[in-house]
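Trainee: Just to be clear, the model below is a prediction. Sequence and coordinates:
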Amino acid sequence: MRNLIASAACIVLASACAIPGPPLSTSVAAKVTGAATEQRITFDGIDRGYLLWRPEGLAISKPAALVIAMHGYTSNAREMESMSNLDEVASENGFVVVYPEGLARSWNAGWCCNRNSNDDVGFISALIDRIAIAENIDRSRILATGMSNGAMMSQRLACELAGKVTAAVSVSGSLLLSTCRPSRPVSLLEFHGVADTVVPIKGGFRAGLGTFRSTMSVLQEWAAIDGCAPEPAIADGPGATTYTWGSCKARTRVVLEAVKRGSHSWFGPQDATGEPDASRLAWHFLMEAPPLPD
């Protein structure tokens with residue numbers, strides 16, 4: 001699977017691995033012609049980097065959706081670009097992708113990871129504002145997604161930046177906040193491996209990280225936040241069991257894809273027969289979510 005084994009190992013040895021990442025220009029083979037371009041922004045007095053992918057031929061005159069894809073702990077933006085294959089999905093469907101770079105290879109998503117105290121919610125908010133103007137973004141269609149610690153950050157954005165984020169897709173993530181009160185209902189999709197030992201789907205302690213809640217309890221909280229029906233509809237597929245909470249406020253949805261043979265990774269059918277394609281399903285989830293009001 002597209003899990004970064006070296007990064008997963010580093011999570012346990014947090015003090016040894018929480019170091020600044022390599023330059024954003026590190027060469028990684030893209031799955032489409034070219035690769036995302038390195039750009040910089042100063043936020044809170046700190047020079048920060050991000051990668052931007054705008055498909056060739058996507059007219060600047062037409063507003064485009066934006067996907068914010070955040071890397072995992074000890075990873076970086078280039079690895080997220082390569083692992084997720086979102087450049088290719090964007091080229092097929094005509095949207096813009098930004099891969100922000102977390103400071104010290106981490107995100108302040110709550111109590112995990114790396115004791116990060118940076119204002120990453122403010123950083124992403126400023127990044128949205130900048131890219132929205134420069135790339136003519138349709139501000140009613142903005143998705144926050146990420147892997148692991150980046151997934152946890154996407155859930156924090158759904159809680160605290162619901163005025164700018166249309167929906168969130170969390171891959172191998174969790175909710176790390178004691179209080180989540182979004183300004184409006186937010187659609188949320190979680191992909192989680194049944195065999196995940198880094199963020200266990202049933203919850204539990206992970207050395208070097210702490211104790212995680214069960215994934216089901218996190219999704220049940222989101223269902224309560226969005227005013228959904230208390231019990232999900234369950235569909236059993238070859239690669240995943242899908243739990244969908246319906247009848248939510250403002251036509252939102254809460255969905256859990258429990259990947260049967262999945263570990264701690266970004267999922268795709270090329271890794272295992274029947275495994276859900278996280279990147280393409282994330283895009284469809286955004287387009288099916290109710291757009292942000294004007």
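Mentor: Yep, it's here. Numbers count the residues shown, from 1 in each chain.
Trainee: where does the stretch 101-250 of the chain have low pLDDT?
Mentor: Along the stretch 101-250 of the chain, the model assigns pLDDT under 70 to no residue.
Trainee: the strands in it, which residues?
Mentor: Secondary structure of the stretch 101-250 of the chain (DSSP state E, counting those that start in this stretch): strands located at 137-147, 167-171, 187-193, 204-206, 210-212, 233-236, 240-245.
Trainee: okay, those in JSON lines with mean neighbour count and distance to A104 next?
Mentor: Just so you know, the C-beta spots here come from the backbone N, C-alpha and C atoms, and that holds for glycine as well. Conversion of those to JSON lines gives the following (neighbours: other C-beta atoms under 10 Å; distance: least, C-beta to C-beta, whole Å):
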{"stretch": "strand 137-147", "mean neighbour count": "24", "distance to A104": "16"}
{"stretch": "strand 167-171", "mean neighbour count": "30", "distance to A104": "21"}
{"stretch": "strand 187-193", "mean neighbour count": "28", "distance to A104": "25"}
{"stretch": "strand 204-206", "mean neighbour count": "13", "distance to A104": "19"}
{"stretch": "strand 210-212", "mean neighbour count": "15", "distance to A104": "18"}
{"stretch": "strand 233-236", "mean neighbour count": "10", "distance to A104": "40"}
{"stretch": "strand 240-245", "mean neighbour count": "20", "distance to A104": "33"}
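Trainee: Please produce TSV containing those, extended by distance to P291.
Mentor: Below are the strands of the stretch 101-250 of the chain laid out as TSV (distance: least, C-beta to C-beta, whole Å):
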stretch	distance to P291
strand 137-147	4
strand 167-171	10
strand 187-193	11
strand 204-206	37
strand 210-212	32
strand 233-236	24
strand 240-245	20
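Trainee: So which of the ones you listed is nearest R54?
Mentor: Ranking the strands of the stretch 101-250 of the chain by proximity to R54 (C-beta to C-beta) places strand 137-147 first, at 10.3 Å.
Trainee: which neighbours does that closest one have in its sheet, and in what orientation?
Mentor: Applying DSSP bridges, strand 137-147 is found paired with strand 64-70 (parallel), strand 167-171 (parallel).
Trainee: how about JSON lines for these, with distance to V186 added?
Mentor: Shown next, in JSON lines, are the strands paired with strand 137-147 (distance: least, C-beta to C-beta, whole Å):
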{"stretch": "strand 64-70", "distance to V186": "14"}
{"stretch": "strand 167-171", "distance to V186": "6"}
